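# With the sequence up front, the predicted model follows.
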Amino acid sequence: MRLSVLSAGLLTALAVGAPVQRQRLSLPPELKEAFEHARGLRFSGTRLVTYVKAGRIETHKEFVTKDGPNLKVEFDKASPFAGQIIVETENSRKHYFPDKNEIRVYPSFGKRQFEGFRGAFRSARGGELHIDSSNGGVIAGLHCTKYQLSDKDNNPVVQIYIEPRSGMLTKRVLYDQTGNIAGSYEFVSLTLNPRIQPGTFEIRRRGATVVRPIDELRKQGKDADMPVLTLRESSGYRLESVYSRVIKGSKVIVQNFGTDDSRLTLFMTRSTLNPADLKKMERGELSSYVWTLDGVTLVLIGDQPEERLRSLASQVAD
């Protein structure tokens, strides 16, 4: 089984970075301090990742090593992702797939690394959000504080467990709109400040094919007989992933762009999209802009005003 950049490991389980409505929260001082400390953490550990897929609960084990902005994730031999390796640094994110001897290279997620702290405080439900804290017990040998983010009716949205002194996030639980657990991870063992071998945050595989998002876009464009239209780097947005999907019988190429604070999605198709279908793609604070170029219908959707999307659309070119 292969994973896309936005579904790998923890991202699959917790849907970090999905387009949702953002709410501003006043975080407790101790939580803010923990987040600041967490950015520079050095640790190694094992965590269990659980998520619901097609109504089934699936769990796998991940081995995680972190040193400041550098992160490495490996998968247990019993995992369906066994053999895959993910390495994140300040400059790039690399994902090795042994089945195709392929290294997928993406821009660094930066502040949106696996821990995804800010993502824990986003809600697709709208309305007021509030945070409660309590004793989180002992997780992986660390005494933790539990923080629960709930909606105005006290329905849980997400729970996080943090060791206050280090800022180590030891457990995270995400709930769906029915109140059931949608995904979670929990460390079962942890070592803080371990000795890390040189080369840990590198992937060196001779003979492996290196594939960047722009390479995938060229392949998808050729297969769909569409020009390679994309958002220029001068826009400030990075092309993070490319894939295709079929919408009402028509092939659509999907490009995801991001900065540390914003996400955009660009849809391209030879077919004409129905405005009613387009409206269904808008959620929360997301806006959209539609235009045509070189015989292709393009739809830009993001967390920016429509005027801003219109300006960004002028920077889409072959």
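Received it, and whenever you're ready, just let me know what you need. Numbers count the residues shown, from 1 in each chain.
# Help me confirm that Glu74 comes into contact with Phe63.
Yes. Assessed by Cβ atoms under 8 Å, Glu74 is found in contact with Phe63 at 4.5 Å. Backbone N, C-alpha and C define where each C-beta goes, glycine included.
# which residues touch the helix or strand hosting Thr297?
Per DSSP states H and E: Thr297 is located in strand 296-302. Strand 296-302 is contacted by residues 19, 226-227, 229, 262-273, 278, 281-282, 286-292, 309, 312-313, 316 when judged by Cβ atoms under 8 Å, 6 or more residues apart in numbering.
# out of those, which are inside strands?
Cross-referencing the contacts of strand 296-302 against strands under DSSP state E gives 263-269, 287-292, 316.
# picking that back up, any idea how far the strand holding Thr297 is from the chain center?
21 Å (Cα atoms, centre = their mean, to the nearest Å).
# Buried ones in that strand, by neighbour count?
296-302 (16 or more other Cβ atoms under 10 Å).
# Could you list the alpha-carbon positions for it in PDB?
In PDB, the C-alpha atoms belonging to strand 296-302 read as follows (Å, rounded to 0.1, in the frame of the first residue of the first chain):
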ATOM      1  CA  VAL A 296      -8.800  24.000 -19.400                       C
ATOM      2  CA  THR A 297     -11.200  24.900 -16.600                       C
ATOM      3  CA  LEU A 298      -9.400  25.800 -13.400                       C
ATOM      4  CA  VAL A 299     -10.800  26.200  -9.900                       C
ATOM      5  CA  LEU A 300      -8.700  27.800  -7.100                       C
ATOM      6  CA  ILE A 301     -10.000  27.100  -3.600                       C
ATOM      7  CA  GLY A 302      -8.400  28.400  -0.400                       C
END
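# Partner strands of it and their direction?
Neighbouring strands of strand 296-302 in its sheet, by DSSP bridges, are strand 263-269 (antiparallel), strand 287-293 (antiparallel).
# is it true that Glu307 lies in a helix?
Yes. Judged by DSSP: H, G, I helix; E, B strand; the rest coil, Glu307 forms part of a helix.
# pLDDT of the longest helix along the chain, averaged?
For the chain, the helix with the greatest residue count under DSSP state H is helix 213-224. Average pLDDT, helix 213-224: 93.
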